[in-house]
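Peer 1: Have a look; sequence and predicted model below, questions after that.
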Amino acid sequence: MDHPTLGDRMLSRVVDELATGAAASPFLRSLGLAERVELLPPGSPAAALGAALIGADATVPTPGSGASAASVSEPAGSAATVSGAAVSEPSVSEPAVREPSVSDRKAVFHG
C-alpha cells in the first residue's frame, strides 16, 4: 500500500490554506498561489541552499577579534571586559527586506 509522504500531506494542507485565503481576498486570488506551489523532487538540495543563503547574512565573531572566552567578565555597565578591553554586544546584521513582487515563478517544497 502506497502511503502519502510528509511532503504530500503538507502540500495538500498548504494548498487548502492558500485556497481559503484566496476565497476571502481578491488580492490573494489574483496571485494564484494555490495553483503555483509544488513539491521539489526527493533529494533536491534546496533546503541546504536556502539555509546557506539565510546564514550568509549573519556575522559571526572570528578568532583573533580580541575576545577570549577564558577571561570575560561582566561589569555593572552594559559592556563586558575582556582582558581590560571593552567589548560591546555582538551584532547580527538584519537581512535586507526585499519589496514583494508578483511573479510567475512557483513556490516549491522539498518532499
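Peer 2: Yep, it's here.

Peer 1: and the longest helix belonging to the chain, what does it pack onto?
Peer 2: Determined from DSSP state H, the single longest helix within the chain is helix 6-24. Packing contacts for helix 6-24, counted by 3 or more CB pairs under 8 Å, 6 or more residues apart in numbering; DSSP states H and E, involve helix 26-31, helix 33-36, strand 38-40, strand 108-110. From N, CA and C alone the C-beta is placed, and that goes for glycine too.

Peer 1: Relative to residue 7, which of those is closest?
Peer 2: Comparison of the helices and strands packed on helix 6-24 against residue 7 by CB to CB identifies strand 38-40 as nearest, at 5.0 Å.

Peer 1: buried sites along the longest helix of the chain?
Peer 2: Applying a neighbour-count criterion of 16 or more other CB atoms under 10 Å, one finds 11, 15, 18, 22 buried in helix 6-24.

Peer 1: Dump that helix to PDB, restricted to CA.
Peer 2: What follows is helix 6-24 as a C-alpha-only set of coordinates in PDB (Å, rounded to 0.1, in the frame of the first residue of the first chain):
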ATOM      1  CA  LEU A   6       5.100  14.000   4.600                       C
ATOM      2  CA  GLY A   7       5.700  16.500   1.800                       C
ATOM      3  CA  ASP A   8       2.400  15.400   0.100                       C
ATOM      4  CA  ARG A   9       0.500  15.800   3.300                       C
ATOM      5  CA  MET A  10       2.000  19.200   4.000                       C
ATOM      6  CA  LEU A  11       1.400  20.300   0.400                       C
ATOM      7  CA  SER A  12      -2.300  19.500   0.500                       C
ATOM      8  CA  ARG A  13      -2.700  21.500   3.700                       C
ATOM      9  CA  VAL A  14      -0.800  24.400   2.400                       C
ATOM     10  CA  VAL A  15      -2.800  24.400  -0.900                       C
ATOM     11  CA  ASP A  16      -6.000  24.300   1.100                       C
ATOM     12  CA  GLU A  17      -5.000  27.300   3.200                       C
ATOM     13  CA  LEU A  18      -3.900  29.200   0.200                       C
ATOM     14  CA  ALA A  19      -7.300  28.500  -1.500                       C
ATOM     15  CA  THR A  20      -9.100  29.500   1.600                       C
ATOM     16  CA  GLY A  21      -7.200  32.800   1.700                       C
ATOM     17  CA  ALA A  22      -7.800  33.400  -2.000                       C
ATOM     18  CA  ALA A  23     -11.600  32.900  -1.500                       C
ATOM     19  CA  ALA A  24     -11.600  35.700   1.000                       C
END
